[in-house]
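[1] let's see this in three dimensions:
(one chain, ligands or ions: 1)
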Amino acid sequence: MNPEERIIVPLDVNSTEAAIALVEQLPQVSFWKVGLELFTSVGPSILQILKDQGKQIFLDLKLHDIPNTMAGACRSVASYQVDLLTIHATAGRHALQASKEAITTANSSTKLLAITVLTSINSRELAFDLKIPLELPEYALQMAILAKESGIDGAVCSPHEVSQLRQICGDDFLLVCPGVRPTWAESGDQKRVMTPKQAIQAGANYLVIGRPITAAENPLQAWSKICDELATV
Ligand SMILES: O=c1ccn([C@@H]2O[C@H](COP(=O)(O)O)[C@@H](O)[C@H]2O)c(=O)[nH]1
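    Reported below is the predicted structural model:
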């Protein structure tokens, strides 16, 4: 895989027009993420638009509900034929298994990724606000193991945890990292960040990089700069 194919760019905008404008500004980007903002604004029509342009799609809906509801949502998403779909590992083993079964029964090639710990959460928040008694890296690992045992294809984690998850979950387990920031970019609300090069070296299959590219004065230049960095890995 070429280094640039490892970059997934989120379309964190609230209209089809704004999404298309970004796609047109970055013609070399082959993998786009549709998340909650865009999907709740314009619905599934954006997926067909991206598919018609031959783009790969990461549908980041972060589903989190009881098993029956998760299975129903996964059956609906199966018809969109997206490449990746997120669900929360904390929905629990039965919900993860029901989601996988729904995708498999629908003969869909969509791969499921489990969110381990959001990259906007730090150790302090995990312990004091969310009352999780494990250290953050251990908790992220346990969520990934639960996902793997439940038949899920991979996990979303921060670059901080990716090397341990790769080691324990193996090479076939997809690891996708948001929380990626080149040295020249602001972290914003991301708390557990590393550079693109560090994240790939640590074992990520894909990087989700948004604002450093999409909020840059020149998004194409920012994307190219990140590709140059990845070419040195
Ligand atoms: O733990 C997670 C899971 C998903 N995301 C999503 O990734 C992008 C990151 O965008 P940036 O602009 O690079 O911060 C965004 O769409 C999130 O919804 C995440 O950041 N962390």
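[2] if I look at Lys115, how far off is the ligand?
    No, residue 115 isn't Lys; it's Ile. Per Cβ to the nearest ligand atom, to the nearest Å, Ile115 is found 6 Å from the ligand. Bear in mind the C-beta positions are built from the backbone N, C-alpha and C, glycine included.
[3] Lys62: how many residues sit nearby?
    17 (other Cβ atoms under 10 Å).
[4] equivalent analysis for Trp32, please.
    Counted with other Cβ under 10 Å, Trp32 comes out at 24.
[5] so is it in a helix, a strand, or just coil?
    Classification of Trp32 using DSSP: H, G, I helix; E, B strand; the rest coil returns strand.
[6] equivalent analysis for Leu207, please.
    Counting by three-state DSSP, the backbone at Leu207 sits in strand.
[7] residues in contact with the residue of the chain found nearest the ligand?
    The chain approaches the ligand most closely through Gly210 (2.5 Å), counting by Cβ to the nearest ligand atom. Contact partners of Gly210, counting by Cβ atoms under 8 Å, 6 or more residues apart in numbering, are 9-10, 12, 33, 178.
[8] hmm, try it at 10 Å
    Taking Cβ atoms under 10 Å, 6 or more residues apart in numbering as the criterion, Gly210 is in contact with 8-12, 33, 35, 178, 180, 185, 188, 190.
[9] looking at the residues you listed, which one is closest to Leu146?
    Nearest to Leu146 out of those is Pro178 (Cβ to Cβ; 19.9 Å).
[10] hang on, the earlier thing: any idea how far Pro219 is from the residue of the chain closest to the ligand?
    As for Gly210, its distance to Pro219 is 10 Å (criterion: Cβ to Cβ, to the nearest Å).
[11] who touches both of those two?
    Val9.
[12] could you pull out the strands for the chain?
    7-10, 31-34, 56-63, 84-88, 111-115, 154-156, 174-177, 206-208 (DSSP state E).
[13] if we can go back for a sec, please check the contacts of Gly210 and keep the buried ones.
    Among these, those buried by neighbour count (16 or more other Cβ atoms under 10 Å) are 8-12, 33, 35, 178, 180, 185, 190.
[14] can you put these in a markdown table and add distance to Ile46 and pLDDT?
    Output for the buried ones among the contacts of Gly210, formatted as a markdown table (distance: Cβ to Cβ, whole Å; pLDDT from 0 to 100):
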| residue | distance to Ile46 | pLDDT |
| --- | --- | --- |
| Ile8 | 15 | 99 |
| Val9 | 14 | 99 |
| Pro10 | 12 | 99 |
| Leu11 | 7 | 99 |
| Asp12 | 12 | 98 |
| Lys33 | 11 | 99 |
| Gly35 | 11 | 98 |
| Pro178 | 20 | 99 |
| Val180 | 23 | 98 |
| Ala185 | 26 | 98 |
| Gln190 | 24 | 98 |
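[15] those also near the ligand: which ones?
    10, 12, 33, 35, 178, 190 (Cβ under 6 Å from any ligand atom).
[16] could you dump these to CSV with distance to Asp60?
    Below are those laid out as CSV (distance: Cβ to Cβ, whole Å):
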residue, distance to Asp60
Pro10, 7
Asp12, 10
Lys33, 5
Gly35, 4
Pro178, 9
Gln190, 15
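[17] show me which of these is closest to Gly154.
    Gly154 lies nearest to Pro178 out of these, by Cβ to Cβ, at 13.4 Å.
[18] distance check, the closest one against Ala127.
    22 Å.
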